[in-house]
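Engineer: Quick one, structure for this:
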Amino acid sequence: MVYIYLPRHHFDKKGNIFLNILVFLFLGIFFFTSLFLSTETYLPENIVLILWYISIISWVFSISLLSINHKFVIKFEEKAILSIILYSLLIGIILGLLFLPDSFEISLNHNYYRFIFENLLLLFFLLSFNLIIFSVMCYNLIKNFSSIRDTRAKKVLSILTFQYCLVIFLYSIYIITQNIIFRNIYMIIYLMGASFASYALIKQPSLLIELTNRIYNFIIFHRSGILLYSYNFETGEETDESLIKGSILIGINHILSNFIDKKDQLHLIKLKNRQIILEYDTNHGYALLLTVNHKNSFIDLAIKSFMKKFTLLNKEKLKSLSGLIDISEFRNAKEIISDFFAPFIKRI
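Structural biologist: Below is the predicted model of the structure:
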């Protein structure tokens, strides 16, 4: 939870941070602890029954949060509101049925407690909820798989999604059978999945930055109209001026026309499927142009950090630009891009 909180400034929607923290809190602490202790025979029946109730409540909240966060990480869309409404409705029904009298029959079976569902409607809605979450997560991954930025992110997200779905499936089997063997298998798979998820997020926090958002072109222009540097995120290669065309030229024209008056500078052009981001350094006479799916706080921060370092490294060169200009002197921009835009650089 701490490692998720630390890179919080990287996220487009600060809610992503709290969603992930809540998932770890509910699924990793409340649910796992209460489920584990609810079968222990050294505790009295009234305590284990309370723990069993806590485990079910924690479960439905945690997997709904997990599903919503899974969707946001793949592709942030306002349509998630439909999922939130559906999940809220089902959770309300499950909690209402859960607190009806005699929902469970508790029995001691050798060295562990078993909880038999007396209220079959509760079991039906709980299993249906699990199935819906399972299906939604698989659907979101399959639907957006080809749009995910790089191969490594695809692999890690696929493994995580498989683990989440396996945990949901095994939990469903356990609550139906109440077999201690299935419980132990579930616990082992759960701990393996939780360990991998924690490791993946600690090693690669960029997994929590919307994985289908892309940067296409990155261009640095001098106010005289000369292209100082251009990089294509799709190919991972530097490009030259002859390859720049279409909507990018619109942004370039705006850059050149907005250098004089800070008050009227344009910073964002919205097109049908993309956005053009414009940032200026009028003191040193250059500007950045990026074409992206959509702007977010990570990109904003990366642009500011890039411009600060680029200016520091090239201040004297920018001041002395006149006559014949050797643009190869500005190729140090590639290393700076690698430093600040790493999650958007394709990796095989």
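
Engineer: The one helix or strand residue 68 maps to: what's the following helix or strand?
Structural biologist: In this assignment (DSSP states H and E), residue 68 forms part of helix 45-74. Using DSSP H and E, the next helix or strand after helix 45-74 towards the C-terminus is helix 80-98.

Engineer: Just the buried positions in that next one, please.
Structural biologist: 80, 83, 87, 90-91, 93-94, 97-98 (16 or more other C-beta atoms under 10 Å). The way it works is simple: take the backbone N, C-alpha and C, and place the C-beta from them, glycine included.

Engineer: And it, how far out from the chain middle?
Structural biologist: In terms of C-alpha atoms, centre = their mean, to the nearest Å, the centre of helix 80-98 is set 23 Å apart from its chain centre.

Engineer: the inter-axis angle of it versus helix 45-74?
Structural biologist: Here helix 80-98 runs at an angle of 170 degrees relative to helix 45-74 (axes from the mean of the first three to the mean of the last three C-alpha atoms, to 10 degrees).

Engineer: Moving C-terminal from helix 80-98, which element do we reach first?
Structural biologist: Later in the chain than helix 80-98, the nearest helix or strand by DSSP H and E is strand 104-109.

Engineer: What strands line up against that next one, and which way round?
Structural biologist: strand 112-117 (antiparallel) (DSSP bridges).

Engineer: Just the buried positions in the partner strand, please.
Structural biologist: For strand 112-117, by 16+ other C-beta under 10 Å, it's 112-115, 117.

Engineer: Where does the prediction get shaky in this protein?
Structural biologist: For the chain, applying pLDDT under 70 flags the ranges 7-15, 77-79, 240-265, 321-326, 347-348.

Engineer: where do the helices sit along it?
Structural biologist: Applying DSSP state H to the chain gives helices spanning 2-5, 15-23, 32-37, 45-74, 80-98, 120-144, 151-177, 180-203, 247-258, 297-319, 333-340.

Engineer: Show me what the fourth one is packed against.
Structural biologist: The contact analysis (3 or more C-beta pairs under 8 Å, 6 or more residues apart in numbering; DSSP states H and E) places helix 45-74 against helix 15-23, helix 32-37, helix 80-98, strand 104-109, strand 112-117, helix 120-144, helix 151-177.

Engineer: That helix vs helix 180-203, what angle?
Structural biologist: Using the same axes, to 10 degrees: helix 45-74 against helix 180-203 is 40 degrees.

Engineer: Going by neighbour count, which residues of the helix holding residue 68 are buried?
Structural biologist: 48-49, 51-74.

Engineer: tell me how far it is from the chain's mean position?
Structural biologist: Distance, centroid of helix 45-74 to centroid of chain: 20 Å (C-alpha atoms, centre = their mean).

Engineer: same check, this time on stretch 194-207
Structural biologist: Worked out by C-alpha atoms, centre = their mean, stretch 194-207 lies 11 Å from the chain centre.

Engineer: what's the answer for stretch 125-140, then?
Structural biologist: The answer for stretch 125-140 is 19 Å, by C-alpha atoms, centre = their mean.

Engineer: What distance do you get for residue 17 to residue 6?
Structural biologist: 10 Å (C-beta to C-beta, to the nearest Å).

Engineer: Then residue 308?
Structural biologist: Distance from residue 308 to residue 6, by C-beta to C-beta: 21 Å.

Engineer: got it, and residue 28?
Structural biologist: Counting by C-beta to C-beta - residue 28 and residue 6 are separated by 17 Å.

Engineer: So the two - more neighbours on which side?
Structural biologist: residue 28 (17 against 12; other C-beta atoms under 10 Å).

Engineer: Excluding chain neighbours, what is closest to that one?
Structural biologist: residue 194 (6.1 Å; C-beta to C-beta, 6 or more residues apart in numbering).

Engineer: Over to residue 100?
Structural biologist: Residue 100's closest residue in space is residue 119 (C-beta to C-beta, 6+ apart), at 6.1 Å.

Engineer: Quick one: residues contacting that neighbour.
Structural biologist: 97, 100, 102-104 (C-beta atoms under 8 Å, 6 or more residues apart in numbering).

Engineer: again, but for residue 91
Structural biologist: Residue 91 touches 60-61, 64, 129, counting by C-beta under 8 Å, 6+ apart.

Engineer: Also residue 74?
Structural biologist: 140-141, 144, 148, 157, 210-212.

Engineer: picking up where we left off before, nearest to residue 153 among the buried residues of helix 80-98?
Structural biologist: Comparing the buried residues of helix 80-98 against residue 153 with C-beta to C-beta places residue 80 closest, at 19.9 Å.

Engineer: pretty sure the closest one is touching residue 68, no?
Structural biologist: Yes - using C-beta atoms under 8 Å, residue 80 is in contact with residue 68, at 6.0 Å.
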